[in-house]
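Novice: Let me see the structure of the following:
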Amino acid sequence: PMGAAILPGLDRTLDPRAWDAIDDAHPQSGLKALLDSMGLAPTAVRPWPRSGGGDARADLLTLALRPAEATDDWLKLVGEMTVADERLAAATNNLQLVEADNEDAEATIIAAIFRQTIETPGKTAILVTPDRHLARRVALKMRRWNVQVDDSAGVPFANTRCGVFLRLASLFVEDPGDPTAILALLRHPCGSRPEERRAVAALDRALRGTRPSKGLLSVERSLQERNALTDDVAALIGKLSQAAHLYQCAERHDFSARMTAHVAASELLAGAEKLWSGADGEAGAALIAEVRACAAALDFDDGGLYSEIFAALISGAAVRARSDTHPRLTILGPLEARLQSADHMILGGLNEGVWPTDAVSDPFLSRQMRAALGLSSPERRIGLSAHDFANFAAHREVTLTRAKRAGGNPAKPSRWLVRLRNILKGAGALEGVDRSPSWGMLAATLDEPKEIAAITRPRPLAGPGRRPARVSVTRVEKWLRDPYSIYAYYLLRLRKIEEPDLAFGVREMGTLLHKVFERAAQSQTSPTPDSLQELFGRLAAESGLGAADRRFWSAAINESLEWFIAFDRERRAIGNIAIAEGVGAWTLDGVDPPFTLTATADRIDILHDDSAALFDYKSGKLKTEKQDRSFSPQLSLTGGIVAAGGFAQIGARRVSSFDYLKIANLDSNPDKNRWGLFGEDAEAAIREAAARLRTLVAAYDQPGAVYQSQPRPEFTDDYGDYDQLARRKEWATAEDGDGGGE
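Specialist: Now for the predicted structure:
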C-alpha cells in the first residue's frame, strides 16, 4: 500500500501509432514490454508529482528516435520546426555535438570540457561512456593539470603493476628462452632489485640479437667465453633459472599446480612483500586466491597456452584508485550513471559498435527460436542502451562526442547521433549545435608550442683531434655517404643496440655462412658435401637458427654450400688459402695525426705466382665497378692493406685480383654471382682508392670541415643508424619545403 512502481524516462507523448511500432532497439522497448504485460497504456501512468510539464529536449529526442515504421510523417513533423521555433530553441539550448578527428582528439576535447567545468565554482560534470579506453584516456589527459578524476570502472588489474608482472612472469616461465620475456620481466619495477641494475644491464646486452639456442644457458656460456660473467650476473641468471625450474617441475596437466608454481616463481623474482603490496597487490592476492580455489575444476591440457589462460582469468578484475579525486568530476559507465546527475553531462564514444554495441548473433538459436523460447532478441540490449542515451541526453547541459576515426579506420557514427543530426539539419539548427570546429581548434591549441624553431642539419666540426684515428674499410663508405655517422660512431662512441629475439633474416644467414666458409677454408682439404652440411648444422645451432627456420632456408642453404664446394675446389687448384676472416691494418705514412685503416678479409689466397687474390662474400647485392671506385672501395682498400704488408701472415704482396662473391640467393647465370678486377685494373683501382683515402683524411684534418648528415642527395642512405640523432626527418622536410638544401 505504501509502495510505488517508478518508470524512469517513460514517453507519454508518443501517439498510439508510434507506440505500437516500437521495436526492441527503441528506447521505450523495455517499458513498453512491462506495460503490455500489465495491460496498461502509457497514459495510464501518472507523472511524478512536481516533475514539471513537457520538456523540449525530451520532445526533440522523441522525434529523433521515433520508431522506424512510424517515420513516414517525419518530413511533416520536422517541417513544423524552424530555427525561430521557441520549443526548438529551448531543446537545443546548452546542447552541443562534437566530432573529433580521432580517439585521442576526442579525449583531449572532453578533458578540456572538464577543465572548463571546474573553472566555474560548484559546477559538476560527468563523462558517461561504455568505452573504457576513452575513459582511461580522459583520466590521463586530466593529469596535464594535476587533476585526478574518479573512474568508476577503476583500472583493470591486468594493467596494474602487480598484474603486469604476473603476466610477464607467466610468459617467462612458459618460455624461459624468450629474450623479450626475460628483459621485460627484469625491466619491470618488481623484476629486479636496485643492487641488480648492473647485472640487468649486462644481461640486456647479452640477450640482444637472435635468440640464444639454449636460452639462459647459452648466454651464460657466451659470457664465460668472453670473461664477462661477473658474480652478480651469474646470481641473476641463477635466480631466473630457479624460477623457470619451479614451473617446469609442476604437473603438466594440472592447472592448479602450474599456477601455484607460477605464483611461487613470481614471488621468488619480485619478493612476496613487494609483489603483494599496495592496492593492486592486495587485489591481486585476493584474485589469485579466488582463481586458485576454482582452478581444480579446469580441464587443462598443457599445449603452451598457460599464459593466455591465466591472462583471461584475471582480465575481468579491476582495482579502484585510492588517490584523492576531484569532487566535481566523474567518469561513469551507462549503468552506474543511471541514477546520477550533474550540471554538465558528456556522452562520449558515440560510434556504432561502441555505443550502442553491435547486436550479437546467437550461433545456436535463430531469432524465431529465441522468440519461441521466450528469450530476448539480440537487439534487446540496444534498446536498453538507447533508453540510457535518451535519458542522459535530456539533461540541462549536454555534450555528445564521437571520433571520426577509431583504431586507424573510419568510424560510423551512432544511429542515435545520425537521427538527431538529421532532425536538426532539417530544421536548420545544426550549425548552432555542432561545435566540432571550435573545440577542435581549442584541443589543437593545447599542444601547440608558442613558437617553432626551424631545424637545420647538424654541423659538428672536424679538424685536428676531431678526426677518427682508426677506421675500417667497410666504414669508409659510410664516411663518404654520411660523415655524421662517423662522427657519432668514432667521436661520440655511440653504438647501435640490436633488438632482442631478432628473426633469422638475410643478414644473420650471411653471418652464419661466413663462419661456415671460414671454418671450411681452415681445413687442409676441400670440404665434401657431407662434411660441410655437418659443419653448417653445428654452427647453425650455435647461431640460433631454429629447425623451422632451417627448413625455410633449406633450398638456399644447399645451393650456397654446393657453390662453395665448387668454388673452394677451383681455388685450391691454383693457389693456397692464406687467410680466412683475418684482420689487417695499415697506418698511412706521412699523415699527422696518425691514421690507421683496418680490414677483416673474408678470404685471401696466395697464387702459384706468389701474388694475392682477395675475396669478399656478399649475402645481398654485389658491388658494381662504379660503386667500388666511388663510394664502396672495400676490396680496393683491403688490397692497399695487403700491398702495404698490413696482414702479418702474408707480408707485403702484389694483389693480382679481387672479387665480390654472392653467396646467397644465387642467380642462374654464374657471371652475375661475382664481380671483380684483375691484373693491372685491380692494381690501378687499389692505387686510386688509396689516393682518395688520403684526400679524405686530409680534408677532415682541416678546421673548417664539417661532419654533415647525408650531404649528397643522390647517394643518400634510405636508413641510417644515427638518423634520429641527426633529426634527419625534421631538416629534410624543412629543406623540401624551402625548395632546396645545403
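Novice: now P529: how far from L185?
Specialist: P529 sits 44 Å away from L185, going by Cβ to Cβ, to the nearest Å. Just so you know, the C-beta spots here come from the backbone N, C-alpha and C atoms, and that holds for glycine as well.
Novice: Between these two, which is the more surrounded one?
Specialist: Shown here are P529 and L185; by other Cβ atoms under 10 Å, L185 has more neighbours (25 against 11).
Novice: Model confidence at the nearest residue in space to Y484 that is not next to it in sequence, what's the number?
Specialist: In space, and not counting its chain neighbours, Y484 is closest to S709: 3.8 Å by Cβ to Cβ, 6 or more residues apart in numbering. For S709, the pLDDT comes out at 90.
Novice: How about R143?
Specialist: So R143 comes in at 92 (pLDDT).
Novice: ok, which stretches of the stretch 251-400 of the chain are strands?
Specialist: Secondary structure of the stretch 251-400 of the chain (DSSP state E, counting those that start in this stretch): strands at 318-319, 329-332, 344-347, 397-406.
Novice: can you list contacts of the first one?
Specialist: In other words, strand 318-319. For strand 318-319, the external contacting residues (Cβ atoms under 8 Å, 6 or more residues apart in numbering) are 153-157, 160, 279-280, 283.
Novice: any weak-confidence spans in this structure?
Specialist: Counting by pLDDT under 70, the chain contains low-confidence residues at 52-54, 72-84, 302-303, 321-323, 713-718, 734-742.
Novice: following the longest helix seen in it, which helix or strand comes up?
Specialist: Across the chain, the longest stretch assigned as helix under DSSP state H is helix 547-574. For helix 547-574, the succeeding helix or strand toward the C-terminus, using DSSP states H and E, is strand 575-587.
Novice: Tell me the helices and strands packed up against that next one.
Specialist: If contacts are counted by 3 or more Cβ pairs under 8 Å, 6 or more residues apart in numbering; DSSP states H and E, strand 575-587 sits against helix 506-521, strand 596-607, helix 634-643.
Novice: sec struct for the residue lying closest to E220 once chain neighbours are set aside, please.
Specialist: What sits nearest to E220 in space, not counting adjacent residues and going by Cβ to Cβ, 6+ apart, is I237, at 5.4 Å. What DSSP: H, G, I helix; E, B strand; the rest coil gives for I237 is helix.
Novice: okay if I get the strands of the stretch 251-400 of the chain as a markdown table plus mean neighbour count and distance to Q522?
Specialist: Below are the strands of the stretch 251-400 of the chain laid out as a markdown table (neighbours: other Cβ atoms under 10 Å; distance: least, Cβ to Cβ, whole Å):
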| stretch | mean neighbour count | distance to Q522 |
| --- | --- | --- |
| strand 318-319 | 20 | 61 |
| strand 329-332 | 24 | 69 |
| strand 344-347 | 24 | 74 |
| strand 397-406 | 22 | 60 |
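Novice: Can you tell me which of those is nearest to R457?
Specialist: Relative to R457, the nearest member of those by Cβ to Cβ is strand 397-406, separated by 34.7 Å.
Novice: Tabulate the CA atom coordinates of the closest one in CSV.
Specialist: Provided in CSV are the C-alpha atoms of strand 397-406 (Å, rounded to 0.1, in the frame of the first residue of the first chain):
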residue,chain,number,x,y,z
GLU,A,397,23.6,20.8,-20.4
VAL,A,398,24.7,18.0,-22.7
THR,A,399,27.7,17.4,-25.0
LEU,A,400,27.7,14.5,-27.4
THR,A,401,31.1,13.4,-28.7
ARG,A,402,32.5,10.8,-31.1
ALA,A,403,35.7,10.2,-33.0
LYS,A,404,35.6,10.1,-36.8
ARG,A,405,38.4,7.6,-36.9
ALA,A,406,39.0,4.7,-34.4
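Novice: And for that strand, what's in contact with it?
Specialist: Counting by Cβ under 8 Å, 6+ apart, 57, 94-103, 105-106, 109-110, 113, 343-351, 354, 392-393, 410-411, 413-414, 417, 420 sit against strand 397-406.
Novice: Quick one: distance of it to the chain centre.
Specialist: Centroid separation for strand 397-406 versus its chain: 27 Å, with Cα atoms, centre = their mean, to the nearest Å.
Novice: May I ask which helix or strand encompasses the nearest residue to D175 once chain neighbours are set aside?
Specialist: Spatial nearest neighbour of D175, excluding adjacent residues (Cβ to Cβ, 6+ apart): A181 at 6.2 Å. Per DSSP H and E: A181 is located in helix 179-187.
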